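**Student:** with the input below, show me the fold.
(one chain, ligands or ions: 2)
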Amino acid sequence: MTVGSTGLFISFEGIDGAGKSTHIANLADAFRGQGRNVTLTREPGGTPLAEKLRAMVLGDAMDPLTESLLVFAARRDHLMTVIEPALARGDVVLCDRFTDATFAYQGGGRGFDLQTLGTLERWVQATPALQGKGIRQPDLTVWFDLPAETAAARLADARAPDRFEAQPVAFFQAVAAGYAARAEAEPWRFARINADQPRERVWAAIAGAFAQRGWLPAPAESGPSSS
Ligand SMILES: Nc1ncnc2c1ncn2[C@@H]1O[C@H](COP(=O)(O)OP(=O)(O)O)[C@@H](O)[C@H]1O
Ligand SMILES: Cc1cn([C@H]2C[C@H](O)[C@@H](COP(=O)(O)OP(=O)(O)O)O2)c(=O)[nH]c1=O
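**Tutor:** Ligands and ions are numbered 1, 2, ... in the order given. Okay, the predicted model is just below:
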């Protein structure tokens, strides 16, 4: 459980096209089915201010430091006005991307300095609720792992690409390496899911990870077998 509350903070990560979206919605249903209040949110975004910053980050050309500052500015607003209050209420917070995405995209993909990102992470995630004890991090990060080529093929017909989705496969290979490095550094926080398999198998793996932690009933009982 999250420090100082009975809430649960879960982030979802992976390269574009990994297949996060439907599974996040299914998990929200599964938790609600257990009588939990769910706060469903995303980054960059999740507040009116952060959504404006998201539109800039996804739409406008900028240098990697500007990009990093904007995603961390959005994150601070999101933490202070949505995530921390939700955790204090005891909600399950399901967040589509968080700081691992910054290390993966700005760090791995853009090649921006990881130490600077680490400094920003410590500033932004030291929220008043933690009273000087560490920084806010997810209780669990569900990492959808799959080859960059597979994700690109899925996205090809799916939607008009934004500034990141328009990047070549090599960019996403670097992003994937960024995620792998974060997972290796903090393995206790990550559930690696093989996302290169049919949706129902992906769901079973996710539901299994939650059941293993005692957060949801065993897979067959906790949600749809396919969607
Ligand atoms: N397990 C899967 N196998 C094949 N295609 C999938 C799978 N999961 C998702 N997709 C498809 O891949 C595309 C990207 O999925 P999406 O959930 O939007 O990914 P993300 O939110 O991680 O970028 C969509 O067209 C979706 O229907
Ligand atoms: C949170 C975050 C996202 N991003 C990127 C990753 C994605 O390409 C994009 C938005 O993520 P996402 O919401 O997954 O995109 P979509 O709704 O199109 O599936 O922002 C960063 O570059 N840095 C960050 O810190």
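
**Student:** and stretch 94-114, what's buried?
**Tutor:** 94-110, 112, 114 (16 or more other Cβ atoms under 10 Å). Quick note: C-beta positions are derived from backbone N, CA and C, even for glycine.

**Student:** now stretch 148-167
**Tutor:** Within stretch 148-167, the residues scored as buried using 16+ other Cβ under 10 Å are 148, 151-152, 155, 164-165, 167.

**Student:** near ligand 2 too, which of those residues?
**Tutor:** Among those, the ones lying near ligand 2 by Cβ under 6 Å from any ligand atom are residue 164.

**Student:** so which of the buried residues of stretch 148-167 is the closest to ligand 1?
**Tutor:** Nearest to ligand 1, judged by Cβ to the nearest ligand atom, of the buried residues of stretch 148-167 is residue 155 at 6.0 Å.

**Student:** with adjacent residues omitted, what lies nearest to that closest one?
**Tutor:** Closest residue to residue 155 in three dimensions, ignoring its sequence neighbours and counting by Cβ to Cβ, 6 or more residues apart in numbering: residue 17, at 4.0 Å.

**Student:** and that neighbour, how many neighbours does it have?
**Tutor:** Using other Cβ atoms under 10 Å, residue 17 has 21 neighbouring residues.

**Student:** now it: how far from ligand 2?
**Tutor:** From residue 17 across to ligand 2, the span is 8 Å (Cβ to the nearest ligand atom, to the nearest Å).

**Student:** ok, that residue - contacts?
**Tutor:** 150-152, 154-155, 158, 165 (Cβ atoms under 8 Å, 6 or more residues apart in numbering).

**Student:** helices - which of those land there?
**Tutor:** 150-152, 154-155 (DSSP state H).

**Student:** tell me the pLDDT of residue 94.
**Tutor:** Residue 94 carries a pLDDT value of 98.

**Student:** ok, the one 10 residues further on next?
**Tutor:** What the model reports for residue 104 is a pLDDT of 98.

**Student:** report pLDDT for the nearest residue to residue 79 once chain neighbours are set aside.
**Tutor:** Among residues not flanking residue 79 along the chain, residue 127 sits closest, at 5.6 Å (Cβ to Cβ, 6+ apart). Reading off the confidence values, residue 127 has pLDDT 96.

**Student:** distance check, residue 127 against residue 154.
**Tutor:** 35 Å (Cβ to Cβ, to the nearest Å).

**Student:** hang on, residue 35 in a helix?
**Tutor:** No. Counting by DSSP: H, G, I helix; E, B strand; the rest coil, residue 35 is not part of a helix but coil.

**Student:** tell me who's in contact with it.
**Tutor:** By Cβ under 8 Å, 6+ apart, residue 35 lies in contact with nothing.

**Student:** from residue 178, how far off is residue 79?
**Tutor:** Residue 79 is 21 Å from residue 178, by Cβ to Cβ.

**Student:** sorry, that was for residue 135
**Tutor:** Taking Cβ to Cβ, one finds residue 135 at 19 Å from residue 178.

**Student:** for residue 110, same thing?
**Tutor:** Noted for residue 110: a distance of 10 Å to residue 178, by Cβ to Cβ.
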